[in-house]
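>>> this one's sequence-less:
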């Protein structure tokens, strides 16, 4: 299928039993210049995704970062080695559930990126997962988004899901649940559950899902690393908790600049966390 989208040319090819590949003619110069480093988290066995990324993000100066694979790290091993604290994870989880090996390795992969940020002295980085593609007709808003970022920003979501629009009744009910001991979220997180408009293209980050496309500063990397040692939060819940408790100064872009192909109601590829 070929279509014109926002002045760009989009070609989508469906291959049998494979992920769709999106071909965009786009310019990533501002992202390349703004960030010290751009990561694409992947697994050694995710070769099909890597091939798609090379096409989808052509022109972006990224580096593949090979994370932890659940096929190589059984959950028992991660517990024994102190990588993952199951008791603390159950305590933090909204439904008091332990993590699967896939969930733990996903969180570990992002944690390894935070360590790499600090080890290399990067000041600000973009972190992508290997199943993202750019929302082509929103890319021209990136200069405005960057311009509107306050100097003290620490985290910026370019893709996110859930809790995007305020629901006061639900928020009140969550506060009540917390008072009755039925919810693990803090009252601070509940108070900041939904984004608040900051400027035309920015809002404060609420309690969102997804770690598919986000930017952090070195200060955020240090705080996230400390909170996730040992691993006790799902990857996206770590960011959500840090933002809504004001541990990090987090924002979301409006609109989203990237989308994830393995999540949402219309998944276009499988998830290595769940497979």
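Good, I have the coordinates. It should be emphasised that the depicted structure is a prediction, and the values quoted were computed from it without experimental measurement.

>>> What residues does the residue lying farthest from the centre of the chain make contact with?
In terms of distance from the mean C-alpha position of the chain, residue 180 ranks first, at 31.2 Å (C-alpha atoms, centre = their mean). Residues near residue 180 by C-beta atoms under 8 Å, 6 or more residues apart in numbering: none. Heads up, the C-betas are built off the backbone N, CA and C, glycines and all.

>>> how far away is it from residue 203?
30 Å (C-beta to C-beta, to the nearest Å).

>>> Check residue 95 too.
Applying C-beta to C-beta to residue 95 and residue 203 gives a distance of 27 Å.

>>> Show me which of these two is the more surrounded one.
More neighbours surround residue 203 than the other of residue 95 and residue 203, with 18 against 7 (other C-beta atoms under 10 Å).

>>> Which secondary structure element is home to the more buried one?
Taking DSSP states H and E as the definition, one finds residue 203 inside strand 202-204.

>>> average model confidence for that strand?
The pLDDT scores in strand 202-204 average 99.

>>> hey, where'd the helices end up in this structure?
29-34, 47-56, 75-80, 86-92, 101-120, 142-148, 168-179, 187-191, 218-227, 235-244 (DSSP state H).

>>> most neighbours per residue, which of those?
helix 235-244 (a mean of 25; mean count of other C-beta atoms under 10 Å).

>>> show me the contacts for residue 38.
31-32, 60-63, 125-126, 128.

>>> Only the buried subset of those, as a PyMOL command please.
Buried subset of the contacts of residue 38, written as a PyMOL selection, criterion 16 or more other C-beta atoms under 10 Å:
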select buried, resi 31+60+62+125+126+128
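
>>> Next step: the contacts of residue 38 restricted to strands.
Using DSSP state E, 63, 125-126, 128 are the members of these that sit in strands.

>>> Which member of the residues you listed is positioned nearest residue 70?
residue 128 (20.1 Å; C-beta to C-beta).

>>> Give the bridge partners for that closest one, please.
With DSSP bridges as the criterion, residue 128 is bridged to residue 40, residue 213.

>>> I figured it hits residue 41, correct?
Yes - the pair residue 128 and residue 41 qualifies as a contact (C-beta atoms under 8 Å) at a distance of 7.1 Å.

>>> returning to that earlier point: now the contacts of residue 38 in JSON lines, with pLDDT and distance to residue 235?
As requested, the contacts of residue 38 are exported to JSON lines (pLDDT from 0 to 100; distance: C-beta to C-beta, whole Å):
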{"residue": "31", "pLDDT": "96", "distance to residue 235": "22"}
{"residue": "32", "pLDDT": "97", "distance to residue 235": "25"}
{"residue": "60", "pLDDT": "97", "distance to residue 235": "22"}
{"residue": "61", "pLDDT": "98", "distance to residue 235": "24"}
{"residue": "62", "pLDDT": "98", "distance to residue 235": "19"}
{"residue": "63", "pLDDT": "99", "distance to residue 235": "19"}
{"residue": "125", "pLDDT": "99", "distance to residue 235": "16"}
{"residue": "126", "pLDDT": "99", "distance to residue 235": "16"}
{"residue": "128", "pLDDT": "99", "distance to residue 235": "13"}
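
>>> Among the contacts of residue 38, which one lies nearest to residue 242?
residue 125 (15.9 Å).
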